[in-house]
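**Q** this one's sequence-less:
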């Protein structure tokens with residue numbers, strides 16, 4: 001139950017930064033979530049700005065992601081489930097995560113993310129294999145699953161997974177911090 005709570009909290013509070021920006025800027029969308037830092041906290045990354053209260057504790061997005069989700073659960077699917085509102089991030093789920101369906105929902109998120117060959121995983125016979133930078137930044141989180149390539153392969157269609165080269169070079173997509181408008 002707590003895992004679902006904190007995933008939902010992260011996603012809602014990230015959206016909260018964007019909606020606050022909209023209110024403060026006459027309905028204008030930010031180009032990127034990184035531009036949503038309140039003027040009173042200029043110089044602070046949005047990830048470190050207090051985002052809201054969860055379970056009676058005031059938290060930032062970094063607090064939720066690193067101090068709670070990544071430190072309390074050894075669960076790589078978290079990276080497919082929390083959404084930072086950037087175009088290169090996994091897409092936001094159209095429903096909240098719920099405890100009785102959490103594994104099913106997280107598997108679906110992982111599958112949806114890695115099969116998006118514009119930002120998840122792309123396997124090209126001529127160009128090799130390209131992965132989201134999330135696999136680079138959080139490589140250690142995927143080690144228990146035999147590494148990022150093996151982990152991604154569990155969620156890719158078998159014809160694509162069979163073309164992955166676990167000993168091959170991993171290239172990474174350029175990360176697009178522009179606001180995900182999908």
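**A** Now that the structure is in, tell me what you want to look at. These numbers were taken from a predicted model, which means no experiment stands behind them.

**Q** quick one, strands of this structure?
**A** Taking DSSP state E, the strands of the chain run over residues 50-54, 57-60, 121-124, 128-131, 170-172.

**Q** quick one: closest of these to residue 114.
**A** strand 121-124 (4.6 Å; C-beta to C-beta). For glycine as for every other residue, the C-beta is placed from the backbone atoms N, C-alpha and C.

**Q** so what are the sheet partners of the closest one and their directions?
**A** strand 128-131 (antiparallel) (DSSP bridges).

**Q** can the strands of the chain go into JSON lines with extra columns for distance to residue 28?
**A** Listed next are the strands of the chain as JSON lines, based on distance: least, C-beta to C-beta, whole Å:
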{"stretch": "strand 50-54", "distance to residue 28": "21"}
{"stretch": "strand 57-60", "distance to residue 28": "24"}
{"stretch": "strand 121-124", "distance to residue 28": "33"}
{"stretch": "strand 128-131", "distance to residue 28": "33"}
{"stretch": "strand 170-172", "distance to residue 28": "31"}
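
**Q** ok, the closest residue to residue 29 other than its chain neighbours - contacts?
**A** Once flanking residues are discounted, residue 29 sits nearest to residue 179: 6.1 Å by C-beta to C-beta, 6 or more residues apart in numbering. With contacts defined as C-beta atoms under 8 Å, 6 or more residues apart in numbering, residue 179 is in contact with 18, 29-33, 85-87.

**Q** how near is residue 30 to residue 22?
**A** 8 Å (C-beta to C-beta, to the nearest Å).

**Q** would you mark the buried spots in stretch 149-159?
**A** Residues 149, 151-153, 155-156 are the ones in stretch 149-159 that count as buried (16 or more other C-beta atoms under 10 Å).

**Q** can you tell me which of those is nearest residue 59?
**A** The closest of these to residue 59 turns out to be residue 151 (C-beta to C-beta; 27.2 Å).

**Q** the closest one contacts residue 142, correct?
**A** Yes - between residue 151 and residue 142 there is a contact at 4.6 Å, judged by C-beta atoms under 8 Å.

**Q** okay, and the common contacts of those two?
**A** Joint contacts of residue 151 and residue 142 (C-beta under 8 Å, 6+ apart) are residue 76.
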